[in-house]
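Engineer: mind folding the following:
(one chain, ligands or ions: 1)
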Amino acid sequence: MVLAQPGPVHAAPRIGWSGEVDETVRYFTLTGFQMPRSTRSRVRENAPVSLLLIISCVVTLLAFLAQQRTQRERIAIHAKADATESVLALQHGVDAYLHLTRGFGGFIAASGPTNLKDYDTYLATVDALTDHPGLRYIGYIPRVPRAAAQSFEASVQAEAPGFAIKGSGTDPDFAFPNLYAAPRDKRSLGIRGLDFSGIPQRWTAMQQARDSGQTIATEQHHYVTAPGMVPIIMAFTPIYDRALPSSTVEERRVALRGFVFSIYHVPAMIERALGDAFRSEFDLDIVDGASVLYKSGERVPRASGERAFGVAHRASVIFGGRHWQLFFYPRPQYFARYESSMGNVILVGGLGASLTLAWAMAAWLRRNRARLGSYKQTLRFDEVFESHPSAVYLLDRQRRFINANARALIEFKMSREELIGKSIEQLIIPAKQDMSREQFEQALSGNSVTYDSAIIDGKGHEIQLSVIMIPMKTNDRVAHVVGIAENITAQRERAWELKESKQMLQLVIDHIPQRVFWKNTKLDYLGCNKAFCDDAGLEQPEQIIGKSDFDLAWHASADSSRTEDAATLATGKAKVNYEEQQNRADGSVVWLRTSKIPLSNIDGETVALLGLYEDITLRKQMESQLRELAHYDGLTKLANRTFFYDHLEQAIARIKRKGGQFALMYFDIDRFKSVNDTYGHDVGDALLTAFSARIKATVRDMDVVARLGGDEFALLLDDISDRSAAERVAGKLVAAMHPPFQVGRLGLSVSTSIGVAFYRRGMSADEIIRQADGAMYTAKRAGRDRYEIVAEPVIEP
Ligand SMILES: Nc1nc2c(ncn2[C@@H]2O[C@H](COP(=O)(O)OP(=O)(O)OP(=O)(O)O)[C@@H](O)[C@H]2O)c(=O)[nH]1
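Structural biologist: Numbers count the residues shown, from 1 in each chain. Predicted coordinates:
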């Protein structure tokens, strides 16, 4: 029943989804449509760019290193060429020194026994010491058999007084004393006669020279007599007796006459051999075994920041059978000659190109990803939404349809070809355009929105839509918006119809005269009609909602009406059309005819109380008037004949039932006709009224007085027990009419004649009236203004 569901008309609930944007967004999230982008996915997305950047940087670095290596190799090639020149010059230079020694040896070998004078002459001729810096001494060492040592000393003393063989030699059979040494200075004279074989480095070289027949150099060592001085090396060239064979080692050991020796200060010798050009380009280390023979320049340490190149070239030269190792170090200015800025160009250009390439790739990926995103979203769209019960569509930023599910095509009544590419703006009705655009802007700014809209479908019909717009982000930018629309046209119409019908019902209720209200089981009002609202002292029916009887005009009687309502609800039975009185706030009392009906829901539970009532006060008044008209005389207000007869019948029945007695008096106004005739009927009527009032004033309230017609009256005296009582009343009535009646300005003097009868068992109403009437006429005949009693009363048992 409609009345069981009162209240305002609510918007029709949306169906198909919850209508809550948050829930819908969660739904899409769950379906994977809009996954939040994690750090991992960002890293994965940027991986190609990072990889490209790393690869291009590595390539740049490799190119740079390759260029540096090429440059180093080019420098190394140049260095090798330049150094080889120096090596050749050095070899040539040191060879020249040894050549000098060997030449001197040849002279010694050829000249046989020599003397000091020849020796000096030869050296002066070759000018060996002047042209060969680094050659400190050059001289001769004979091999002297130890057995002939004294004779040898004696022979030398002839030209060099005091000569003696000094030092302990190593060879047990021969001594090798220093015989000649040039320049002949204090030092060389000081060591004259010293056996050189006593010095291990020298003895080793001497033996090798002896056995090989070659000039053999010693390793670097110090002067025996001056160990603190610069180190030296010596070269020994063997001298053999030309008369003896010297092809084999044994033969050479036998044929050995002695050695020409040279003492070198290596740095001076080397610098002479290399020349100045070399020194400006390279630093050179020359090493013989563990000994550093030469070290030119001070190589720049790496820590200084200058470019260090390391060894540019290695080579060796042979000096007296020893392999001197040469290490060439280019100097900074040497680099400057071959260095190019290509490395820096590669490094800067390469890194720049890498960054540009990475940026370009990132831009390309971004563009591509947007396309890919669109493609993927289209795929997902198909997966997720194709079978969705609502119309779902995908819009681009220009509000054009990119995709739509089957439901959307049905709702919009368009084919896919008609819809895709079309702007949604073309569909929306003019009244919704601005609102719709604003909502779309909201969605583009990243917010999900919900609103009601309306479009014109493909068939030209307007349809109402409830829309949710959900932004779809690609790379932190809203690239698409998913629209989900529910066709609510039918709901709207139903809601309107419902509203209409409810309004109609309210109109009906408002226009029926009955008061209608309905309460809940707590007896609070849920609604009412206009008439009830007026009675309750309210302006609008809606104001009644939630109020109780204590809040309304009849609050004084609220307790009793609520008790009654509660009882009706408790019984579950309707109380229909009962009449009740109600006290109003203004003190008036109204009559109501009320029905109260408990209302049940489909489960049979009592849920409300429907009340209907009408104000029957007027009807009650009319009924009362009618009743008066039926039972009372209109002029005198005394009971009429009908009423009197009813009363008389009741009295008779009561006596029959209980016993008792009553007296009936019948009387009229004496000569009333003459009053009418003299003064007119109005005066007659006024006299009748005044006469009636005197009767009422004379008898008891319980006594029933009636006007039976004309000027005839009857009086029933209930419970009269004896004649005297009846006489007393009759006498009082007769006397009561003696004073003149004032009618207007008239003073009318009248009298009355009364007939009195008592009830006897078996009498009817007519009979007793007839008796009384007869007694009245008896009184009239007796002279009027008196009473006449028919018979003695008999007390009925
Ligand atoms: N003014 C007036 N006169 C009435 C009314 N009903 C009857 N009458 C008159 O009352 C008179 C009654 O007269 P009667 O009872 O016949 O005679 P009377 O003049 O009373 O004389 P008695 O009864 O013999 O004393 C008649 O003239 C009627 O017309 C009435 O309602 N109003």
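
Engineer: count the neighbours of the closest residue to the ligand within the stretch 201-350 of the chain for me.
Structural biologist: Closest approach between the stretch 201-350 of the chain and the ligand, counting by C-beta to the nearest ligand atom: Gly350, at 141.4 Å. Placement of C-beta: from N, CA and C, glycine included. By other C-beta atoms under 10 Å, the residues close to Gly350 number 20.

Engineer: for the helix or strand containing it, give the mean pLDDT please.
Structural biologist: Using DSSP states H and E, Gly350 maps to helix 342-385. The average pLDDT within helix 342-385 is 76.

Engineer: returning to what we had before: hmm, the residue of the stretch 201-350 of the chain closest to the ligand is touching Leu62, no?
Structural biologist: No - if you go by C-beta atoms under 8 Å, Gly350 and Leu62 don't touch, sitting 9.3 Å apart.

Engineer: is the residue nearest to Leu717 when sequence neighbours are not counted in a helix, a strand, or coil?
Structural biologist: Spatial nearest neighbour of Leu717, chain neighbours left out: Ala663 (4.5 Å); criterion: C-beta to C-beta, 6 or more residues apart in numbering. At Ala663 the chain is in strand, as set by DSSP: H, G, I helix; E, B strand; the rest coil.

Engineer: which residues does Ala663 bridge with?
Structural biologist: Beta-bridge partners recorded for Ala663 (DSSP bridges): Leu717, Phe758.

Engineer: so how many other residues sit close to it?
Structural biologist: For Ala663, the count of nearby residues is 28 (other C-beta under 10 Å).

Engineer: got it, and the one 3 residues further on?
Structural biologist: Using other C-beta under 10 Å, the number of residues around Tyr666 comes to 27.

Engineer: just the element for it, please.
Structural biologist: For Tyr666, the host element (DSSP H and E) is strand 662-669.

Engineer: wait, what's in contact with the residue of the stretch 501-650 of the chain found nearest the ligand?
Structural biologist: Going by C-beta to the nearest ligand atom, the ligand is nearest to Leu635 of the stretch 501-650 of the chain, at 6.5 Å. Listed by C-beta atoms under 8 Å, 6 or more residues apart in numbering, the contact set of Leu635 reads Asp685, Leu688, Thr689, Arg707.

Engineer: what does Phe282 give?
Structural biologist: Phe282 touches Ala79, Asp82, Ala83, Ser86, Ser296, Gly297, Ala312, Phe328, Tyr329, Pro330, Arg331, Tyr334, counting by C-beta under 8 Å, 6+ apart.

Engineer: what about the residue nearest to Asp171 when sequence neighbours are not counted, neighbour count?
Structural biologist: Spatially, and ignoring its direct neighbours in sequence, Asp171 is nearest to Ser197 (5.5 Å; C-beta to C-beta, 6+ apart). Neighbours of Ser197 under the rule other C-beta under 10 Å: 23.

Engineer: so where's the chain shaky on pLDDT?
Structural biologist: By pLDDT under 70, the low-scoring segments of the chain are 1-42, 113-114, 128, 224-228, 277-280, 297-309, 369-382, 384, 585, 792-797.

Engineer: which strand or helix spans Leu629?
Structural biologist: Using DSSP H and E, Leu629 falls in helix 617-631.

Engineer: would you put the C-alpha positions of that helix in CSV?
Structural biologist: Output of helix 617-631 as CSV, limited to C-alpha atoms (Å, rounded to 0.1, in the frame of the first residue of the first chain):
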residue,chain,number,x,y,z
THR,A,617,-20.1,18.5,15.4
LEU,A,618,-22.4,20.2,12.9
ARG,A,619,-24.2,17.0,12.1
LYS,A,620,-24.5,16.3,15.8
GLN,A,621,-26.1,19.7,16.2
MET,A,622,-28.4,19.1,13.3
GLU,A,623,-29.4,15.8,14.7
SER,A,624,-30.1,17.5,18.0
GLN,A,625,-32.2,20.0,16.3
LEU,A,626,-34.0,17.3,14.4
ARG,A,627,-34.5,15.4,17.5
GLU,A,628,-35.9,18.5,19.1
LEU,A,629,-38.1,19.1,16.1
ALA,A,630,-39.4,15.6,16.4
HIS,A,631,-39.9,15.6,20.2
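
Engineer: heads up, I number from 442, so please use that
Structural biologist: In the new count, where the first residue is 442, that last one comes out as helix 1058-1072.

Engineer: other residues contacting that helix?
Structural biologist: If you take C-beta under 8 Å, 6+ apart as the criterion, helix 1058-1072 is touched by Val1030, Val1031, Trp1032, Ala1080, Asn1081, Thr1083, Phe1084, Asp1087.

Engineer: give me that answer again for 6 Å
Structural biologist: The set of residues external to helix 1058-1072 that reach it, using C-beta atoms under 6 Å, 6 or more residues apart in numbering, is Val1031, Trp1032, Phe1084.
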